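Asks: Sharing a sequence plus its predicted fold:
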Amino acid sequence: MKKPKNKKHANKFTSVMKVKTGSIKEFFAEARETMRAVDRGEPIKKRCATLTFVDPTEMAHFLSAAKIQLISNIRKHPDSITNIAKAINRNIGSVRRDIHEMESVGIVKTHEEINPNGHGKHKVVEVVAAIKNVPQK
């Protein structure tokens, strides 16, 4: 797998994402408490982004072993979808689907870089949010 040319993108997280299970009622209770604090004139406390699943089985599906391996690999070596799929020996279509799913919730992002030979561009996938309690292999 190629090393990223652009060092500013390598292993740099812009945020931490907390993944948990919870109810819609709990979500609105937290939001209500935050709004009450604002009404009292208190500053909003800086928090990490939270991805909450109502159903634990959905969380287990979303954070499958394959996706955790994918996150770990992208964290170490941001690269193109094709190269990432080859590195972890997975079907490119499955990797593309998983990356799209994770990009939609803000775990990873893709950006374009110019090819090393100067001709054309390629997309690079990188982790944007470190997920708490995901092992870094």
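Replies: Perfect, I can see it now.
Asks: helix or strand for the nearest residue to Ile92 once chain neighbours are set aside, which one?
Replies: Spatially, and ignoring its direct neighbours in sequence, Ile92 is nearest to Ala85 (4.3 Å; C-beta to C-beta, 6 or more residues apart in numbering). All C-beta atoms are positioned from the backbone trio N, CA, C, and that covers glycine. Element membership for Ala85 (DSSP states H and E) is helix 81-87.
Asks: Just the buried residues of that helix, please?
Replies: 81, 83-85, 87 (16 or more other C-beta atoms under 10 Å).
Asks: Relative to Ser94, how far out is the residue of the chain most remote from its centre?
Replies: For the chain, the largest distance from the centre (C-alpha atoms, centre = their mean) belongs to Arg40, which lies 34.0 Å off. Going from Arg40 to Ser94 by C-beta to C-beta, to the nearest Å gives 49 Å.
Asks: in the protein, which spans are helices?
Replies: Taking DSSP state H to define them, one finds helices in the chain at 24-39, 56-62, 65-76, 81-87, 92-104.
Asks: could you say what helices and strands the fourth one packs with?
Replies: Using 3 or more C-beta pairs under 8 Å, 6 or more residues apart in numbering; DSSP states H and E as the contact criterion, the neighbours of helix 81-87 among helices and strands are helix 65-76, helix 92-104, strand 121-127.
Asks: I'd like these laid out as JSON lines, including distance to Thr57 and mean neighbour count.
Replies: What follows is these, written out as JSON lines (distance: least, C-beta to C-beta, whole Å; neighbours: other C-beta atoms under 10 Å):
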{"stretch": "helix 65-76", "distance to Thr57": "15", "mean neighbour count": "18"}
{"stretch": "helix 92-104", "distance to Thr57": "16", "mean neighbour count": "15"}
{"stretch": "strand 121-127", "distance to Thr57": "25", "mean neighbour count": "18"}
